[in-house]
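In: What follows is a predicted structure for the sequence shown.
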Amino acid sequence: MKKLFAWGALLLPMSPAIAQNAPQPGTNPLSTWLRGAYMGNRNNIVRTAEKMPEEFYGMRPGPQEEVRTFGQQVGHLANYNYLWCSQAKGEKNPNAGSNLEKLATKAEFLKAVNDAFAYCEGVYSALTDASGTEMIDITQESGRQTRNLRMALLILNYGHNNEIYGSMVSYLRMKSIVPPASEPRPQQKK
């Protein structure tokens, strides 16, 4: 009981600030958060792809052929953004039949990932908490059909983007390149 009272004593002075920052009815807090998280991740990924010099786009972190090159990581990410965002949108994948991992130049990879992100932005922008809780049909790579929440598929896409971004950062670090998210931030003016 003493611990509960102590936490209450600490939180009570903060309650006006907490109330001001609480999501308001009708503001779509879940979809708004997901959209912001997706856009922040998108920006880091694009900046990472831009920052890697072209001569390292064919680099692998080891001799294993089954490990993707840096460029293939970018293409893989673009492939899945098209796949999952088209399913969330309820339309045919505009990139179906094309494997963006097989592109050859940095310019081609950058165009592919930017195009895939532009396509997905429309899906994330249209998302509301209500539309996110709608059940949709999802076709898995194996061809198996499942049903899930639209927002769950877009959270999967966001999580996959984070996973690939983490891999891309490793490639930059192996070449002593500071990833964009780790760059020093300019001093804020007082």
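Out: Yep, it's here.
In: isn't residue 35 right up against residue 126?
Out: No. Residue 35 is not in contact with residue 126 according to C-beta atoms under 8 Å; the separation is 9.7 Å. Where C-beta positions appear, they are placed from N, C-alpha and C, glycine not excepted.
In: When the two are compared, which one has more neighbours?
Out: Taking neighbours as other C-beta atoms under 10 Å, residue 35 and residue 126 compare with residue 35 leading, 19 against 12.
In: How many neighbouring residues does residue 99 have?
Out: For residue 99, using other C-beta under 10 Å, the count is 12.
In: can you check residue 133 too?
Out: 13.
In: now swap in residue 76 and tell me
Out: 18.
In: Ok, residue 33 next?
Out: 12.
In: backbone phi and psi for it, please?
Out: Here the main-chain torsion angles of residue 33 (degrees, to the nearest 10) amount to phi -60, psi -50.
In: Over to residue 137?
Out: Dihedral angles (degrees, to the nearest 10) for residue 137: phi -80, psi 140.
In: ok, now the one 3 residues further on?
Out: The phi and psi values for residue 140, taken as degrees, to the nearest 10, are phi -80, psi 170.
In: Can you point out the buried residues in the strand or helix carrying residue 84?
Out: In this structure, residue 84 sits in helix 70-89 according to DSSP states H and E. Across helix 70-89, burial judged by 16 or more other C-beta atoms under 10 Å covers 70-89.
In: going on from that helix, what's the next piece of helix or strand?
Out: helix 106-126.
In: which residues touch that following helix?
Out: 34-35, 38-39, 42, 45-46, 49-50, 52, 54, 57, 71, 74-75, 77-79, 81-82, 85-86, 88-89, 94-95, 100, 103, 154, 157 (C-beta atoms under 8 Å, 6 or more residues apart in numbering).
In: quick revisit: against which helices or strands is the helix holding residue 84 packed?
Out: helix 106-126, strand 135-139, helix 150-174 (3 or more C-beta pairs under 8 Å, 6 or more residues apart in numbering; DSSP states H and E).
In: That'll do, ta.
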